[in-house]
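*Asks:* pasting the structure only:
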């Protein structure tokens, strides 16, 4: 079968430019090298708990980093468990007993969803971190802690903001800084 002039011209052009385009790996490697260095520089050992703008944590020179536990957030308006509101602060303050019903119901529900693996865990209790505003009354904090303990969450941690340690002349002379 005879080809038209146009088809012949297209075939010649295809032969001339027959080599497939090549991928320039040098540029690609440069980009990935820069990306790796960027990620290495910007990664750190700092672990941040989920934050709530309505909660101002107390400050401390705590040494132990936070663990990834269930978080009970206590603000001036409400109590949140895992981001869900379980109790209103006005009701908590008016409650006569040492337990907070909404908080207890939520903690019992969460404990029922994750059974203990060993008897050792059952003796120790479950882990919980209380992230309370530094201005909440002590009796409210006591009610929250009591409710957590009675709901099998006995390993209680309190979240704080870490203060930077100040380097003093005495610590420099002692060789600590």
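*Replies:* Yes, it's here. These figures come from a predicted structure and were not determined experimentally. Numbering: from 1, shown residues only.
*Asks:* going forward, measure contacts and count neighbours with C-alpha atoms only.
*Replies:* OK.
*Asks:* in which helix or strand would I find residue 73?
*Replies:* If you go by DSSP states H and E, residue 73 is part of strand 70-74.
*Asks:* Each with direction, which strands does that strand pair with?
*Replies:* Its sheet considered, strand 70-74 pairs with strand 78-81 (antiparallel), strand 127-132 (parallel) by DSSP bridges.
*Asks:* Of those, which stretch is the most buried?
*Replies:* Using mean count of other C-alpha atoms under 10 Å, the stretch among these with the largest mean neighbour count is strand 127-132, at a mean of 22.
*Asks:* Let me see the residues that make contact with that strand.
*Replies:* Identification of contacts with strand 127-132 by C-alpha atoms under 8 Å, 6 or more residues apart in numbering yields 55-57, 69-75, 141, 148, 153-160.
*Asks:* hmm, 6 Å instead?
*Replies:* Contact with strand 127-132 is made by 69-74, 153, 155-159, as judged by C-alpha atoms under 6 Å, 6 or more residues apart in numbering.
*Asks:* What of stretch 104-112?
*Replies:* Residues outside stretch 104-112 that contact it (C-alpha under 6 Å, 6+ apart): 147, 151.
*Asks:* Would you mark the buried spots in that stretch?
*Replies:* Buried residues in stretch 104-112, counting neighbours by 16 or more other C-alpha atoms under 10 Å, are found at 104, 106-107.
*Asks:* quick one: average pLDDT of stretch 43-59?
*Replies:* Mean pLDDT, stretch 43-59: 61.
*Asks:* any idea how far stretch 86-106 is from the chain center?
*Replies:* Here the centre of stretch 86-106 is set off from its chain's centre by 26 Å, with C-alpha atoms, centre = their mean, to the nearest Å.
*Asks:* Actually, stretch 145-162.
*Replies:* Relative to the centre of its chain, stretch 145-162 is centred 17 Å away, using C-alpha atoms, centre = their mean.
*Asks:* Straight-line length of it, end to end?
*Replies:* Start-to-end span of stretch 145-162 (C-alpha to C-alpha, to the nearest Å) is 22 Å.
*Asks:* Over to stretch 124-142?
*Replies:* Stretch 124-142: ends 20 Å apart by C-alpha to C-alpha.
*Asks:* residue ranges of the helices in the chain, please?
*Replies:* Assigned by DSSP state H, the helices in the chain fall at 5-16, 25-42, 89-94, 101-113, 119-124, 138-150, 169-173.
*Asks:* Buried deepest among these, which one?
*Replies:* Among these, ranked by average contacts under mean count of other C-alpha under 10 Å, first place goes to helix 138-150 (a mean of 18).
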